[in-house]
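[1] quick one, structure for this:
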Amino acid sequence: MNTQQHDLSGAFHPTFTGGRQEKQWILRSLGGFYMDEWFTDVLYRVKGGKEATVYCCRAHPATGYDLIAAKVFRPRMFRAMKNDSLYKTGRLIRSSEGKYPDDRTARALKKRSRYGRALDAGAWCKHEVEMLDTLWEGGVHVPRVLESTHNAILMEYVGDEHQAAPILHAVTLAPDEARLQFECMLRNVEAMLACYVVHADLSPYNILYWEGELRVIDLPQAVDALRHPQAYELFARDIQRLADYFARQGVEVDAPSLALDLWHAAYG
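    Next comes the predicted model:
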């Protein structure tokens, strides 16, 4: 789908537009999805993160959904992800069409030219789509991807028309529920390892809690468990962050031992 090539001709007038700069960003990045009848309106901004902003959209009736989440990656000049080279180690950068770089592209990436920066930004979006698709198929509790372009992803929305699902960090769980959700997260972590994926930024800030269920989100920095030289260190950090949260909910965990046991169970 070439959603970026539509002539909107003034047809797209979302309810939420934000400021002048954000309005133009929304129109450019999401207008094609609107014209392709993925949604009928942009209702509100869910959150503005380090590398992207997420919006709640009213789904078009033909999709079978009530709401859709639209994640739009920030232009490179506005992105604030720190140490992004750490997460790109071992990753093969491709264009939004899935092509590997030729000599010209490789030089642009190295020199950080305008074209190279655009390719780099698109690679983050494409990488997250690939990670979400892989994990969804592997049974991990992540939002399902519906459509994407070079800088935006449409996916299942978690929440309702009035509010998005809160992040786990904002939720206090009863002891029995905390134990149940901790075990659920361990199953998700095991399923991620089975897909050879390390989230690399897993924490209660990147897990949604809605109606008793958890969803793992934000995967542009995810790394290959076997190819990335620091995969285990990133994985152990993920487990420590989870353990810290659940310890506050009354679930005591030996994070270093747990990380080692999970890794060895997956890879020997």
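
[2] for residue 167, give me its contacts.
    204-209 (CB atoms under 8 Å, 6 or more residues apart in numbering). The C-beta positions use only the backbone N, C-alpha and C, and glycine is treated the same way.

[3] now those residues as a markdown table including neighbour count?
    As requested, the contacts of residue 167 are arranged in a markdown table below (neighbours: other CB atoms under 10 Å):
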| residue | neighbour count |
| --- | --- |
| 204 | 20 |
| 205 | 15 |
| 206 | 20 |
| 207 | 24 |
| 208 | 21 |
| 209 | 20 |
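
[4] can you classify the residue nearest the centre of the chain as helix, strand or coil?
    Residue closest to the average C-alpha location in the chain (CA atoms, centre = their mean): residue 218, at 2.7 Å. At residue 218 the chain is in coil, as set by DSSP: H, G, I helix; E, B strand; the rest coil.

[5] quick one: it from residue 257, how far?
    Distance, residue 218 to residue 257, using CB to CB, to the nearest Å: 27 Å.

[6] next: residue 153.
    From residue 153 over to residue 257 the distance is 36 Å, taken as CB to CB.

[7] show me which of the two is the more surrounded one.
    Higher neighbour count among residue 153 and residue 257: residue 153, with 23 against 10, using other CB atoms under 10 Å.

[8] surely residue 71 touches residue 156?
    No - at 11.4 Å, residue 71 does not count as touching residue 156 under the criterion of CB atoms under 8 Å.

[9] show me which of the two is the more surrounded one.
    Applying other CB under 10 Å to residue 71 and residue 156 shows that residue 71 carries more neighbours, namely 28 against 17.

[10] and that one, that's in a strand?
    Yes - Residue 71: assigned to a strand according to three-state DSSP.

[11] need the contact list for it.
    52-55, 128, 152-155.
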